[in-house]
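[1] just coords:
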DNA sequence: CCAAGGCAGTCTCTTTTCGAGACCGAAGCT
DNA sequence: AGCTTCGGTCTCGAAAAGAGACTGCCTTGG
């Protein structure tokens, strides 16, 4: 159980990764953002083993990233993004930007366009105070309240 | 070899995930961004099995995300981020933002501050044309050149 | 020169997870 | 009744992960 314990560390990168960091989870979420809601649709689009999919959907529901909805009890269940899940979108877009830059020799396979203009969605890292665009070099880590409160 | 074949699909989210999407890879990169360069340092900080670390570092070097440098041949090797690796930073910051929002009940464990002011680094999704901030709802996918060029 | 220790790997063995595909039960036609 | 669709379960062999000991090289100290 070594690996799961990483989720206890006071780090806002590590903790999400313990939930999201495996072969399939982010791919499932990618499908969810593309509008997929049904078990068989996830399965067919990704080619993921059914038992694996069952397990991953269960975890995502546990973490309230997806919600399992089954209207009339004899209706097919649907898996929909919650608010919390919806907020994962920038992660996928950041991956997309990098993929477009480094793994798309023929150009982007898909443009993610702004609905009301011709522009494209892009992720930027900026300072929330002066609004300057930042890179890793401009960042200095500093202890925050979550670290102070942490008793390891 | 089913899973690896996903890397052939024309999707700029799927392709990076085949490289980055496992238990350890993004955690290793997180350490790299924190300045870690040595084998034993990665190993000790993460508690990752040594053989696993060896394997992952090898992959990252293959993909030119890290570069293995060994000066005098009898010097300890260092693993440093390349430009390509450096550009992964927004992905980690997007994860960090979400982690701060949903998995940091006591507040952010670490502030990622702008070196030259008191602000913090935040990821935003915006239109590269009109600069509007966007969410998943504002995005419409559209075939791009990489999809046209694709012969599946 | 020898001993000790640090470092980057490597090897071995056990446990866990994955993958492929068959199978199941409950609707829902026809 | 018989066939299909759908979500979900089961089994079993294959792959990956984990732990921890072990190796070989170099440095440092005596």
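    Yes, it's here. Computed from a prediction, not measured in an experiment: that's the story for all the values here.

[2] so residue A:93 touches residue A:120, yeah?
    No - assessed by C-beta atoms under 8 Å, residue A:93 is found out of contact with residue A:120, at 10.0 Å. C-beta: built from backbone N, CA, C; applies to glycine.

[3] Not counting the longest strand along chain A itself, show me its contacts.
    Longest strand in chain A, counting residues (DSSP state E): strand A:121-127. With contacts defined as C-beta atoms under 8 Å, 6 or more residues apart in numbering or on different chains, strand A:121-127 is touched by A:90, A:93-94, A:97, A:112-114, A:132-135, A:138, B:89-90, B:93-94, B:114, B:117, B:119-128, B:134, B:138-139.

[4] What subset of the residues you listed is buried?
    Neighbour-count burial (16 or more other C-beta atoms under 10 Å in any protein chain shown) is assigned, among the contacts of strand A:121-127, to A:90, A:93-94, A:97, A:112-114, A:134, A:138, B:89-90, B:93-94, B:114, B:119-127, B:134, B:138-139.

[5] following the longest strand of chain A, which helix or strand comes up?
    strand A:139-143 (DSSP states H and E).

[6] got the angle for that next one vs strand B:121-127?
    130 degrees (axes from the mean of the first three to the mean of the last three C-alpha atoms, to 10 degrees).

[7] who does strand A:139-143 touch, helix- and strand-wise?
    On a contact count with 3 or more C-beta pairs under 8 Å, 6 or more residues apart in numbering or on different chains; DSSP states H and E, strand A:139-143 meets strand B:110-114.

[8] who's in contact with the strand it packs on?
    A:10-12, A:127, A:129-130, A:132, A:134, A:138-144, A:146-147, B:93, B:96, B:119-121.

[9] how much does that strand deviate in direction from strand A:139-143?
    Going by the same axes, to 10 degrees, strand B:110-114 makes 150 degrees with strand A:139-143.
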